[in-house]
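Novice: this is a predicted model, with the sequence first.
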Amino acid sequence: MTQSKQKFKSFVKKAGKAIARFFVKYKYFFAKIGVALITLALTIILLFFLLRLIPGDIVELYALKLQAQQGITFDRAYELASQLLNYDPNEDVFSAFFRYVGGLFRGQLGESYLETGVSANTLLKTRLPWTLFVSSVALFISFFLGVLIGGFVAQRRKGIGNKIASAYIAVSGSIPDYLMALLLVIVFAYKLNWFPSQNNYDAFNTTPGFNFPFIGSVLHHAFLPILSYTLVQTGNWILHMRGSCIGVLGEDYINAARARGLSDRTIRNKYMRKNALLPLVTMFGVTFGALFGGATLMESIFNYPGIGLEISNRIVTKDYMVVQGLIFFSAAMVIVVNLIVDLIYPLIDPRVKRG
Amino acid sequence: MKKRLLCISVGIVLALTACLGLFACDNTNKGKNTDDSFAMVSSWTTSGLVNHYNSNTNCTAYDYFVVEGLYRYVRSTDEIFAQLADGNPVHTREPMSSYKDVMGQDAFDYYAEQLDASTPEEQADLEVSVTTVKIRPNAKWQNGEDFTAKDVWAYYYMIHPTSSNYMVAVKAADDKTVQFVWNPLKEPNDTVKELLIAQDKSGTVKYDEFSMYVDPVFNIVMNSPVNRNSALWGAFNRFSTDEQIVELNKTRNAFFSYSPSWYIATGPFKPDVFSATQIKLVKNEFYWNAENIGFKIIKLYSSNDLNQTYQLISTGYVDYFDGFIQQDTLESMLDSNPDLVNLKMYDPGSIGITFNIKKPLLTLGVRKAFQYIFNREEIKDAANPYATTSYYPLLGMAASEAQTYMSEKHFNALKKYEYNTAKAEELLTAEGWTKQNDGWYANGKKVELTLACPSGHDISATAGEAAAAQLEKFGIKINLLKTSNFYSQAPEENSTYDLMLEWTDLNMSFSYPTGSYNQFSSVYARWIHVETYPNNYYDTQKAGSVKLVFDGLDGDTNKYEFADYINSFYSIDESELQYLVDVFNTGLSELCLGVQFFQNVTASTLNVGRIKGVPLEEYWSENRNVTYVPQAGTDDFFKVARTNLVYATNYMLAYGYYQPNSAK
Amino acid sequence: MSKAKNFFILVGKTLREFFISFGKTCKKVFSNPKTIAGFVILALFVFIAIFGKLIFPYNADTDVANKYLNPSLEHPFGTDWLGRDVFRQMIAGTSSILEIAFFSAIFTVVIGTVLGIVSGFVGGWVDKIIMGITNIFLSIPSFPVYLLLAAIITIDTPISLAMVISIWSWAGLCRAIRVQVMSLKERDFIQICAVMRMSKAHVIFKELLPNVFSYIVINFVMAMRNAIMASVGIMLVGLAAYDPTNWGAIINAARTKGLINPQNVAILMYPLVAIVIFQSAMLMLANGLDETLNPRLKVM
């Protein structure tokens, strides 16, 4: 009896010590995750009360829309609006907040006031894939191209390639992204008619599914958006990669390598690229995290049904809960991605001390 | 090396598929109408149009093509045409006792008492006004089942539209006959009765589908006590008690969130394919006029941006667009596509400035002075050259409506303000303002006003820029705010706006004066911050309404309060109506609550290469930018208003006037 | 008497040395063609900003009869939809655009760099707090905050506009700088400073800053472009008064009036090209300065 009790005691002690050691060893990670969670919580709270402070009454705005749509008097429209909206104007802010947080824990990001059956979850399911499709393809292409060209040009700074790259960076860095998109649309869609000017696929003639016309239509419609995102972002990556490479090229070990007679190409591939990529990794992480918020202006120009457009429309119509949910999701993604980058970075760059 | 090859090959594959998509898509949507389609731009909000009734559609085009009522009125002309009804409504007077069962014994007793009929013989003599509407024999729902009077009955008792405030009962006399029994104490005149019924989308509540909601609501309504306060208005003149209201709302909410398996409507087209940015409607083969409708498909595109819309129109993807197009843009569009035609029609509203009278600087004298500052003709030319300049202050209704509903004498007596900056200076100096080198000063400080206009409404935005420039030239510093948050900010208690530029008078429903006055009272009066009765005012008729009292005219010493009459306008007879409109309009114009710049003109753009039957051919065959705006009452006035789908919904398509131009 | 004389001689010597070294640096800096080109164009813009309104005064009156005129000698860029001269509009708008762009970039860079260096160098709890704040600013979108501010205030000076814009742009820079500082902290030459007991100020200003300097300069230029476009967004929400001379506002207005009208496309191109030229000049200047002042960039 006492022997088993003693065994149990010692087992508990050992387990306790192991858990404590686990926490201490990885306290770096837990601290980071803890900070991330606190930031997320603060963001939700700030955002919730921020949205409520914006002037405007959701019922009134909806009534104005109904009135214009159906040609009825404002009073009648207001009556209809208060019946149709799933919104209780008498609910005070704090109970709404707790109801919202409760929903969060159950995985529901926010129900719409304006439409029944629509919530942040359903919107994410239908709209997020399109945003991610276009943005991430563009991000990968532009990152890839930027790193290649930046690295190449950093070595031959006197050459003509550098001058062309500089000119490209200057021009694409000055034109705002939606204007670049607009110019592309004017040239390729309006004048030349090679690509459609809006939409994600042609719903009149194709049906979604794994059939050839649908996939072809999707790619055909995605070409201009991806092209414009890429054109806008590549310049940025070239610039940063070139700057970073130049910094690396001034290092001693590069001089030593050249002294040893290694070719430019080897230096570039073996030494320069990996070292220069390090600061770009954080930028890539930040940009990737930001993708989940969507790009409102670009999506508006291409009428591409993505998340950014949805968020800004719903902010204007004051559909608070859904907006809350969508922004929470994109904020969470930003924080998660940044956290991942923070955690991975020490693995890539051993020079950075943990903590 | 291998990595590079892989990347290049992937790139080539992607590019190829993109180009193949080119061939898979049908982008030969120009020239003649090869697929009997009618395409237009519309807007809808979500990812899931499953609900019946208009609660979740938010799709403007559904109101035109899919959903119908017994009758429908054409906005701005008040023409009424039959959709589900057969022939015109018939107004008769019937003995009230024969409707005792449908109105309820308690209601019958109440009205009998009010009409001083105590004995059975007197009660038997009582009469009510009844409007009989016959339904088309071949009117059907979109699933093929007959549309019956019971469905109309279900609509009225479920939805409680505005017209039901003036009724005591709706009776389904037989399968295809509906009778509306009007409230003997609040009976509108015949024209208004028809207009009220023509506002209702009665082809939306199918009794079989919704009986589990309609029947309980009907019972609650019939069990609600009859309202004894003649100043109050409610559906069927019955006001529910608190527990009844809770039950009513619960059932109503359940009704609005219920999603039936098909989109319940009766219109000539029904929903087929739906995506986030495109909708396809197909022809309803059960429609009563199906063989006269030539269009097989309606394509709806969504658009975020006017540039997208204009491009869709000029490349022939879209056949119809309603709305004002700025003059130079319009001319470029017409140049780029020889098939486009632009017709213009009056908008029952005026664009102008409204004053925020809560700001201490904007006293009555100052507001009067402002009437003289503006060169209204130039603002009109800048914003909408096709419109008609108006020299009036805010009247409560557009100038053309004022002319129709006011007496000639008092309409001509309304003060018009010409462009006279000297007079403005004189009036401002009288108010204590001083003009110095760098502008106007009041109370020792430089005058600086905020002028706000909605950024999404191009006419207002351009007029705003022009008005701001004129005010600056006059010497008043202006902060021009072009904002997307205009409608939320303007009615706020401590709004930062001094001047607001948008509509000053607008009629959203039929042109009977109540429409305009209602809009003024509910929307613009709140921007102006006119004093209102509190929401919990003891007199519920006046609670929440504007506090405006006007003097009588021509020696009449009575005072007329706006809130007293606003709800009872429909029931007044014509001569009294004219006098009241005279009183209110004159009173409002003397208050100078706003400045009217011009009465707006809107337009419909049509592709005559793809649509046959567009009216006013003698005008557009000569000049496709038709600047002729027909005068009120002429034949052309009615014809051109019908082409605007916002005004007339499905008139041109349902009756087969528009046909696809598939020739050649 | 002689003490005062010695004092003046000392002052004179220091000043002379200062001027000589200043002159030498100037010569070095301006030997680079890129720097010269960028500086000249920048000087031109500043000149236009200050004196342009006097040479080509802008008449804000609307003259609707003369709208959409083609370019002519009197109206080099034509007129817009209200009959105003586009060329003079742009000249009048140069000063506010430059102010907005410069100040916003300065605020962004200063706040981002300071917080980034502090966060990366000091580490510990300070680092975590600053990272938390950065995360919050990165996650909350600017649009609703602008809407909220629009209800309370109206911005009327370019500097306050610049401040509002920079609130959202410093976060990304702060992160990137922090990471670089964290990496540099472990490098040999920084470690040596600790061994040699050099003051923290010396480490930050003499060792860390020059290494991140080129990165900062590039971000400065990019921040300027973002500021110009953000100022338009702010105007459209009603947070700042609509200024028809603001280049971004001209671009946006031409876009919303309908680019199907080629006149609008032309009106859109003028300020756009001006922005491109300005940005390119700044980039050239930045690259030139970088090359001359940064010892690592000595061309191979």
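Specialist: Nice, I can see it.
Novice: and for residue 100, the neighbour number?
Specialist: Picked chain A for this. By other Cβ atoms under 10 Å in any protein chain shown, 20 other residues sit near A:Tyr100. Quick note: C-beta positions are derived from backbone N, CA and C, even for glycine.
Novice: that's the wrong chain, I meant chain C
Specialist: Around C:Ile100 there are 26 other residues, counting by other Cβ under 10 Å.
Novice: got it, and B:Ala442?
Specialist: 16.
Novice: repeat for A:Pro176
Specialist: Neighbour number of A:Pro176 under other Cβ under 10 Å is 22.
Novice: which helix or strand contains the nearest residue to it once chain neighbours are set aside?
Specialist: Of all residues not flanking A:Pro176 in the chain, C:Met229 sits nearest, at 4.4 Å (Cβ to Cβ, 6 or more residues apart in numbering or on different chains). Element membership for C:Met229 (DSSP states H and E) is helix C:209-237.
Novice: next secondary structure after that helix?
Specialist: Next helix or strand after helix C:209-237 toward the C-terminus (DSSP H and E): helix C:247-257.
Novice: so A:Thr266, which state does it fall into?
Specialist: Going by DSSP: H, G, I helix; E, B strand; the rest coil, the secondary structure assigned to A:Thr266 is helix.
Novice: report how many residues lie close to it.
Specialist: 12.
Novice: which residues touch the residue nearest to it when sequence neighbours are not counted?
Specialist: Leaving aside its chain neighbours, A:Thr266 sits nearest to A:Ala257 (7.9 Å; criterion: Cβ to Cβ, 6+ apart). The contact partners of A:Ala257, by Cβ atoms under 8 Å, 6 or more residues apart in numbering or on different chains, come to A:266-267, A:271.
Novice: in TSV: these, plus pLDDT.
Specialist: TSV is the format used below for the contacts of A:Ala257 (pLDDT from 0 to 100):
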residue	pLDDT
A:Thr266	78
A:Ile267	75
A:Tyr271	76
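Novice: and the residues you listed, which is closest to C:Val237?
Specialist: Minimum distance to C:Val237 across the contacts of A:Ala257 is 49.0 Å, recorded for A:Tyr271 (Cβ to Cβ).
Novice: how close does the closest one get to A:Ala256?
Specialist: Using Cβ to Cβ, to the nearest Å, A:Tyr271 is found at 10 Å from A:Ala256.
Novice: more neighbours: which of these two?
Specialist: Between A:Tyr271 and A:Ala256, counted using other Cβ under 10 Å, A:Tyr271 has the larger neighbour count: 18 against 11.
Novice: on that earlier part again, tell me what angle the helix holding C:Met229 forms with helix C:247-257.
Specialist: Here the directions of helix C:209-237 and helix C:247-257 differ by 40 degrees (axes from the mean of the first three to the mean of the last three Cα atoms, to 10 degrees).
Novice: got a pLDDT number for the residue in the stretch 151-300 of chain C positioned nearest to chain B?
Specialist: In the stretch 151-300 of chain C, the residue that lies nearest chain B is C:Gly238 (2.6 Å; Cβ to the nearest Cβ). According to the prediction, C:Gly238 has pLDDT 77.
Novice: what packs against the helix or strand harbouring A:Ile335?
Specialist: Assigning secondary structure by DSSP H and E places A:Ile335 in helix A:320-348. Counting contacts by 3 or more Cβ pairs under 8 Å, 6 or more residues apart in numbering or on different chains; DSSP states H and E, helix A:320-348 packs against helix A:27-53, helix A:93-105, helix A:120-155, helix A:273-291, helix A:307-316, helix C:124-139.
Novice: which positions in the stretch 251-355 of chain A make contact with chain C?
Specialist: By the rule Cβ under 8 Å from any Cβ of the partner chain, the part of the stretch 251-355 of chain A lying against chain C is A:278-279, A:282-283, A:286, A:289-290, A:293, A:296, A:311-312, A:315, A:323, A:327, A:330-331, A:334-335, A:338, A:345, A:349, A:351-353, A:355.
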